[in-house]
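> how does the following fold in three dimensions:
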Amino acid sequence: SKDQVDTQGWEETRKQPVGSGPWRWVDNIVWQSTVGERVPFEHPYRDVQLQRVEQYNVPLAETGITALRTGALDAHYAQLQPEQATDLVERGFNVVAKASPHAIGVHYQVMDACDNGWPTCDKKVRQALEYAVDRQGIADNIWGGFVVPQTQPGLPGFPGFNYDIPATPYDPDLTEKLLDEAGYPRGDDGWRFEGDYWVWETGSIQQTAEAVCANLNTVGVKCNFNKVEIGVYLRMHNRTDGYEWVMFGQLRSSRQRSIDTFAHSERGKCIECYSNPEYDVLRLKIVAEPDPEARNAMIQRAMEIWVE
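Sure thing, here's the model as predicted:
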């Protein structure tokens, strides 16, 4: 609290901070642990059940799992692999999947595609490829049902998510029809066109990339899977000109911190270079809009533009 800082100074406040919550912190070791005890009076708006809370910094999921199984910890917050979460559930633990601003997706690098004459410059091709990926199958079989297929750049529970946008169905037959209409029929070898797919992560993220590649191969889009080390990935991510050899883009994690995460058409300063006159104007209005409801409505429209 401000009063505590004013009377005791920052050094003492860091040792035993006081706020409006139901516990007071009685011990704190930086990067190791912190201990809180229930305030010695009835809290005005919190029904407190725990008398004492001990929190420990456990950076590795494996260490936390061991601590849970031995009873050293009552709860653990961590980023688990699907098989780890499944194993804990089978052992009787309660695993809760928390909404996260992380998303995994295919990025077509639209402006690069148009500059280089790649098929993904065509809007109909991009729409067709959306139907080619079995998102629910990936969520269930690779991620153990602990994730939700993404329907738009925004994420559920975060500002601007548009709940009116339906999930994209898995429909490889529709993909084939749209690609035929876009002028990319199967050739004598069975392929329509090909492109490279780059990923540096391991585990379930790599498996997801391989599944997406397999889905694309099924509809006649030859997907050349490439596992690269992070230095190569960073060169791609921090580029200032177009990719020389990427057609589909790379699998990566992204965070929705603001509308700028899904950037605009200024080359070299965006994550997902894309140009749309309505979107470019809307993006600037979103940044300047002080009213939360009006800003949310504009972000929801931005989500529609991306999906369209």
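
> give the buried residues for stretch 215-232.
215, 216, 217, 219, 220, 221, 222, 223, 225, 226 (16 or more other Cβ atoms under 10 Å). C-beta here means a position set from N, CA and C on the backbone, and glycine is covered the same way.

> wait, the second one touches residue 224, no?
No: here residue 216 lies out of contact with residue 224, judged by Cβ atoms under 8 Å, at a distance of 10.1 Å.

> overlap in contacts, those two.
By Cβ atoms under 8 Å, 6 or more residues apart in numbering, residue 216 and residue 224 have these common neighbours: residue 197.

> ends of stretch 39-51, what's the gap?
9 Å (Cα to Cα, to the nearest Å).

> can you offset everything so residue one is 36?
Understood, numbering begins at 36; the last thing we discussed is stretch 74-86.

> which outside residues touch that stretch?
56, 57, 58, 59, 72, 73.

> number of residues surrounding the third one?
Burial of residue 58 is recorded as 18 neighbouring residues (other Cβ atoms under 10 Å).

> ok, it - contacts?
Neighbour list for residue 58: 71, 72, 73, 74, 83, 85, 88 [criterion: Cβ under 8 Å, 6+ apart].

> element containing the residue nearest to it when sequence neighbours are not counted?
Using Cβ to Cβ, 6 or more residues apart in numbering and skipping the chain neighbours, the partner closest in space to residue 58 is residue 71 (3.6 Å). Element membership for residue 71 (DSSP states H and E) is strand 68-73.

> that strand pairs with which strands, parallel or anti?
Within its sheet, strand 68-73 is paired with strand 58-64 (antiparallel), strand 87-91 (antiparallel), according to DSSP bridges.

> where do the helices of the protein begin and end?
Listed in chain order, the helices found in the chain under DSSP state H are 37-50, 96-105, 117-125, 145-151, 158-165, 170-176, 207-216, 238-253, 265-272, 312-323, 327-342.

> next, the buried residues of the last one.
What that stands for is helix 327-342. Under 16+ other Cβ under 10 Å, the buried positions of helix 327-342 are 330, 331, 333, 334, 335, 336, 337, 338, 340, 341.

> what angle separates that helix from helix 158-165?
Between helix 327-342 and helix 158-165, the angle comes out at 90 degrees (axes from the mean of the first three to the mean of the last three Cα atoms, to 10 degrees).

> and the first one, by the same measure?
Compare the direction of helix 37-50 with that of helix 158-165 by the same axes, to 10 degrees and you get 60 degrees.

> can you read off the pLDDT for residue 285?
The confidence metric pLDDT takes the value 39 at residue 285.

> circling back to that earlier point, and of the helices of the chain, who's closest to residue 200?
If you check each of the helices of the chain against residue 200 by Cβ to Cβ, helix 327-342 wins as the nearest, at 5.5 Å.

> now the closest one: average pLDDT?
For helix 327-342, mean pLDDT is 83.

> buried sites along the strand holding residue 71?
If you call a residue buried by 16+ other Cβ under 10 Å, then strand 68-73 has these buried ones: 69, 70, 71, 73.

> just the closest of those to residue 175, please.
residue 69 (38.0 Å).

> about what we covered before: which of the buried residues of stretch 250-267 lies closest to residue 124?
residue 250 (27.6 Å).

> how close does the closest one sit to residue 79?
55 Å (Cβ to Cβ, to the nearest Å).

> do the same with residue 112
For residue 112, the distance to residue 79 equals 28 Å [Cβ to Cβ].

> who has more neighbours, these two?
residue 112 (11 against 7).

> residue contacts, the more buried one?
Applying Cβ under 8 Å, 6+ apart to residue 112 gives the contacts residue 133.

> sorry, back to before: dump the contacts of stretch 74-86 into TSV; add pLDDT and distance to residue 130 as well.
Formatted as TSV, the contacts of stretch 74-86 follow (pLDDT from 0 to 100; distance: Cβ to Cβ, whole Å):
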residue	pLDDT	distance to residue 130
56	80	26
57	85	26
58	84	25
59	83	31
72	91	28
73	89	27
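
> greatest separation within the residues you listed: which pair is it?
Spanning the widest gap among the contacts of stretch 74-86 are 56 and 72, at 11.6 Å by Cβ to Cβ.
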